[in-house]
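Enquirer: Sharing a model that was predicted from the sequence below.
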Amino acid sequence: MAEVELECCETTEVHQDLLKIVEEKLPPEEALYDLAELFKIFGDSTRIRILFVLFEAEVCVCDLAESLQMTQSAISHQLRILKQNKLVKSRREGKSIFYSLADGHVRTIINQGLEHIRE
C-alpha cells in the first residue's frame with residue numbers, strides 16, 4: 001500500500017454545531033465496543049474461508065475440513081468462535097452436525113468488505 005499523507009487544519013477551531021450532531025448520532029460506547037469485537041472475528045482468514053464455504057451450502061465439519069484441507073479440530077475451534085458470535089448456526093442430523101450462515105447479514109458484511117477492497 002502506498003503511504004498516504006494526512007492533512008491537518010492550520011488552526012484549531014472547534015465546530016460545536018457539527019459536534020452536537022455527531023454526539024446525538026454516535027452509538028453508546030458499549031455498542032461501539034461490540035461492533036469492534038464483531039469485526040475482529042472477520043480478522044482471521046480461516047474463519048473467512050469457512051464463511052465462504054457456507055455461502056454455497058450447509059455442510060458438516062467433515063465437509064469443511066476436507067474442503068479447506070484442515071483438521072476437524074481446527075475447523076471446530078473456528079466454528080465455535082463463529083457460533084458464539086452468532087455468525088453461524090448448527091443443526092443435528094443423525095450423528096452429523098450441519099453448519100450454515102446464521103442469517104443474511106453475514107453474507108452482506110462479507111460482500112460489502114469485498115466490494116470495498118476491490119475499489
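Expert: Structure's in. What do you need? If you're wondering where the values come from, they're calculated on a predicted model, not measured in any experiment.
Enquirer: can we go C-alpha only for contacts and neighbour counts from here?
Expert: OK.
Enquirer: correct me, but Val53 touches Leu64?
Expert: Yes. With contact defined as C-alpha atoms under 8 Å, Val53 counts as touching Leu64 (7.4 Å).
Enquirer: Who has more neighbours out of the two?
Expert: When Val53 and Leu64 are compared for neighbours, Leu64 comes out ahead with 21 against 18, by other C-alpha atoms under 10 Å.
Enquirer: need the next SSE after the helix or strand hosting the more buried one, C-terminal direction.
Expert: Following DSSP states H and E, one finds Leu64 within helix 61-68. Next helix or strand after helix 61-68 toward the C-terminus (DSSP H and E): helix 72-84.
Enquirer: now that next one, how far from the centre of its chain.
Expert: Distance of helix 72-84 from its chain centroid, counting by C-alpha atoms, centre = their mean, to the nearest Å, is 14 Å.
Enquirer: Can you list the buried residues in the helix holding Leu64?
Expert: Neighbour-count burial for helix 61-68 flags Val61, Cys62, Leu64, Ala65 (criterion: 16 or more other C-alpha atoms under 10 Å).
Enquirer: Taking the centroid of this protein, which residue is nearest it?
Expert: Phe42 (3.6 Å; C-alpha atoms, centre = their mean).
Enquirer: Chain neighbours aside, what residue packs nearest to it?
Expert: Ile48 (6.3 Å; C-alpha to C-alpha, 6 or more residues apart in numbering).
Enquirer: burial of that neighbour, as a residue count?
Expert: Ile48 has 16 nearby residues by other C-alpha under 10 Å.
Enquirer: phi, psi of it?
Expert: Dihedral angles of Ile48 (phi, psi; degrees, to the nearest 10) stand at phi -60, psi -40.
Enquirer: Quick check: the gap between it and Gly113.
Expert: 11 Å (C-alpha to C-alpha, to the nearest Å).
Enquirer: Residues contacting the helix holding Leu64, please?
Expert: Arg49, Ile50, Val53, Thr71, Gln72, Ile75, Ser76, Ile97, Phe98, Tyr99 (C-alpha atoms under 8 Å, 6 or more residues apart in numbering).
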